[in-house]
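> Quick check, what structure comes out for this input:
(one chain, ligands or ions: 1)
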Amino acid sequence: MLKKYNWAILGCGWIAEIFASDLRTLDNAVLYAAASRNIDKAKRFAKDFGFQKAFGSYEEMLQDENVDIVYIASPHSFHYKHTIMSLKYKKAVMCEKAFAINSKEVKKMIKTSKQEHTFLMEAFWTRLVPTFQRVLSIIESKELGDLKMVQSDFMFHAPFDERSRLYDLNLGGGALLDIGIYPVFTALQTLGNPENIVANVIKSPTGSDQHIDIIFEYNEDRRAYLRAGFMNDAPNFSIFHFEKGTVQISREMNCPILIKTEEGIQELKEDDGAGFGYYFEASHVMECLDKGYIESPILTNQFSLNLIQTLDEIREKINVVYPNHD
Ligand SMILES: NC(=O)c1ccc[n+]([C@@H]2O[C@H](COP(=O)([O-])OP(=O)(O)OC[C@H]3O[C@@H](n4cnc5c(N)ncnc54)[C@H](OP(=O)(O)O)[C@@H]3O)[C@@H](O)[C@H]2O)c1
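Alright, predicted model coming up:
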């Protein structure tokens, strides 16, 4: 029989709702606690999604010895603080992306996980979705030859609002850490670390990056072209260009993988499930805990550190600084 784990949500915002609705579908996940800075909000969230307990303070929730795993869903600028606090209470942590504001913070989070001998993983859900796993296996198989170029976009329209998390530098606002992280992740996972990075930015009135264009230059003739921003909606595909064809995936769940070669277009369909796709990461965390791991062998903390170091390097180029963090 599967061991059951008591999950707690830290921060009852937008993504926490989506994650909680996927968590409900896992037999070994117990929806145990919802923690908000506001008890009424926590109670409402707990009632809506079926959590057993509600807490009006994050720390009170962490003091509950029955909590096994904390899902941190606060804004990025609080990920460092909330992760360290949770690990010190010996709670396994799955923390939303961006893992923290910069690599200085992520290094300390990883160090604390090791010191406390307690599980830590970035909630980089797309890595565990079957469609993306299939792309990785196509690359590894070399059935289409070598991968030469990656194009990856993540854009949506979010009109400027200085109070919004997306634009407020005090909450880690900016397109790169919020959504540009996905195209950057895609390039790092498939082409690896670039030799050189070129980046251009359009800034918002708060000084945050509203739109960013990035080129990763690699040795020989390989490149990644990455875009992210809040200025317009877009189809948001990732296209992988190989020597003998292209592979296209959509950001939408359950869209077929399109493989285009000289022979024509082939559609491949992976089963990404009926929900939003967040159950794969939650299930993976519980598998890791079943095995006594303190980090995921797939989404390693070294990868997350490499990712945030790359984001630091891009931010330096576009001159976006986070007060009280950098
Ligand atoms: N994996 C994904 O697909 C995905 C998608 C969207 C967002 N995210 C990530 O999830 C995190 C949260 O994003 P979101 O869109 O859910 O944000 P959100 O709706 O603004 O929710 C964030 C929550 O954090 C808590 N919080 C704690 N201190 C806060 C402060 N000073 N100001 C505002 N909120 C504070 C609040 O919960 P309480 O009021 O209950 O305390 C708030 O509801 C971000 O790091 C984001 O990158 C991931």
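
> how does the chain divide into domains?
Following automatic domain parsing, one finds the domains of the chain at 5-124+278-295, 130-271+307-318.

> Pull up the distance across the longest one, start to finish.
Taking CA to CA, to the nearest Å, domain 130-271+307-318 runs 34 Å from one end to the other.

> And the shortest one, by the same measure?
End-to-end distance of domain 5-124+278-295 (CA to CA): 17 Å.

> Are that domain and the ligand in contact anywhere?
Yes - Domain 5-124+278-295 lies in contact with the ligand when judged by CB under 6 Å from any ligand atom; the contacting residues are 11-16, 36-38, 41, 73-76, 78, 96-97, 123. Any C-beta I mention is one placed from the backbone N, CA and C, and that applies to glycine too.

> Could you dump the domains of the chain into CSV with mean neighbour count and distance to Asn324 added?
Conversion of the domains of the chain to CSV gives the following (neighbours: other CB atoms under 10 Å; distance: least, CB to CB, whole Å):
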stretch, mean neighbour count, distance to Asn324
domain 5-124+278-295, 20, 8
domain 130-271+307-318, 18, 8
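
> Can you show me the helices along the stretch 51-200 of the chain?
58-62, 79-88, 103-116, 130-141, 175, 181-190 (DSSP state H, counting those that start in this stretch).

> With mean pLDDT as new columns, can the ones you listed be given to me in CSV?
What follows is these, written out as CSV (pLDDT from 0 to 100):
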stretch, mean pLDDT
helix 58-62, 98
helix 79-88, 98
helix 103-116, 98
helix 130-141, 97
helix 175, 98
helix 181-190, 98
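
> before we move on, the earlier item: out of the domains of the chain, the one nearest Asn301 is which?
Ranking the domains of the chain by proximity to Asn301 (CB to CB) places domain 5-124+278-295 first, at 4.7 Å.

> If I look at Glu252, what pLDDT would I see?
What the model reports as pLDDT for Glu252 is 88.

> For stretch 41-53, give me every contacting residue.
When contacts are defined by CB atoms under 8 Å, 6 or more residues apart in numbering, stretch 41-53 is touched by residues 9, 12, 16-17, 20-21, 23-24, 30-36, 54-56, 61, 64.

> In helices, which of those appear?
The helices in this structure, assigned by DSSP state H, contain 16-17, 20-21, 23, 61 from the contacts of stretch 41-53.

> Need the max-distance pair from those.
When the ones in helices among the contacts of stretch 41-53 are compared pair by pair using CB to CB, the maximum separation belongs to Ser21 and Met61, at 19.8 Å.

> can you pull the contacts of the residue of the stretch 151-300 of the chain found nearest the ligand?
Closest approach between the stretch 151-300 of the chain and the ligand, counting by CB to the nearest ligand atom: Arg165, at 4.5 Å. For Arg165, the contacting residues are 75, 171-173, by CB under 8 Å, 6+ apart.

> Same question for Thr246.
Neighbouring residues of Thr246 by CB under 8 Å, 6+ apart: 239-240, 258-260.

> give me that answer again for 7 Å
With contacts defined as CB atoms under 7 Å, 6 or more residues apart in numbering, Thr246 is in contact with 239-240, 260.

> Is it possible to get TSV of those residues that adds secondary structure and pLDDT?
Listed next are these as TSV, based on DSSP: H, G, I helix; E, B strand; the rest coil; pLDDT from 0 to 100:
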residue	secondary structure	pLDDT
Ile239	strand	98
Phe240	strand	98
Lys260	strand	98
